[in-house]
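Student: Take a look and give me a structure for this.
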Amino acid sequence: MHSPQLRLAALAAALFATFASASVIVHETLDAMAQRVPLIVRGRVARSVSAWDAEKRTIWTWTEISVTDAIKGKPGGLVLIKQPGGEVGELGQAVAGAATFKEGEDCVVFLEPAPLESSAFMVSGMSAGKILMTEVKGLPTAVRDTTGLAFARPAGGKIAEQVKSPEFLGSPADFIKRIRAAAGGAR
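Tutor: Prediction:
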């Protein structure tokens, strides 16, 4: 007969194996995120640069977004985003679920002030707060890729679940209209 401790250890091991390659964040709808964050912008990725922190323990990537539409807030023409992970020389640090950016991408980002970095922002909800504006089967489409994320839903009784990725969110115009309305700035 198995002891309760053995069953608990087996459950913990199974959960760890399921989410070992995922970062777990609290689930939040895009509409709720739009209401909560102070800044939402659409823009083009101008460039990304990775560097070590002062203690040489963590690699950070700073990405510049050239703003084409201020959906919520007053960002100015350029927004600086700080993300954990990146590559410096031959060394790299990967953070499962972190938003990644490629030069030239057209995206919408939900942003919060970066801690200890007054001139920078961080993507809210890791990759859940970045929506790529791209083409799918020849049609302009808003796409969210949450690969590497699992969502905690404590109120629903589930510990965490991974969301199917990518999520197709409709046309960019319809998506932005929805988010602008949710943020309280419909126009």
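Student: Helices along this structure, start to end?
Tutor: Assigned by DSSP state H, the chain shows helices spanning 4-19, 30-36, 172-183.
Student: where among those is the average confidence lowest?
Tutor: The minimum mean pLDDT among these belongs to helix 4-19 (a mean of 40).
Student: for the residue most central in space within the chain, what are its contacts?
Tutor: By C-alpha atoms, centre = their mean, the chain has its centre lying nearest to S127, at 2.2 Å. S127 is in contact with 97-100, 144-149, counting by C-beta atoms under 8 Å, 6 or more residues apart in numbering. Bear in mind the C-beta positions are built from the backbone N, C-alpha and C, glycine included.
Student: so which two of those residues are the farthest from each other?
Tutor: Using C-beta to C-beta, the contacts of S127 span at most 14.1 Å, a distance reached by A98 and R144.
Student: Surely A183 and L39 touch.
Tutor: No: judged on C-beta atoms under 8 Å, A183 makes no contact with L39 at a distance of 9.9 Å.
Student: residues shared between the contacts of those two?
Tutor: K72.
Student: among the contacts of S127, who's most crowded?
Tutor: Neighbour counts for the contacts of S127 peak at A99, which has 26 neighbours (criterion: other C-beta atoms under 10 Å).
Student: That residue and E90, how far apart?
Tutor: 24 Å (C-beta to C-beta, to the nearest Å).
Student: and F168, what are its bridge partners?
Tutor: Applying DSSP bridges to F168 gives these bridge partners: V143.
Student: give me every residue that touches it.
Tutor: Counting by C-beta under 8 Å, 6+ apart, F168 makes contact with 136, 141-143.
Student: Looking at these, which is nearest P166?
Tutor: When the contacts of F168 are compared for distance to P166 (C-beta to C-beta), V143 wins out at 4.9 Å.
Student: That closest one contacts S165, correct?
Tutor: No: counting by C-beta under 8 Å, V143 does not reach S165; the two are 9.3 Å apart.
Student: who has more neighbours, the two?
Tutor: Ranked by neighbour count (other C-beta under 10 Å), V143 and S165 place V143 first, with 20 against 14.
Student: give me the beta-bridge partners of I65?
Tutor: Assigned bridge partners for I65, using DSSP bridges, are V45, V79.
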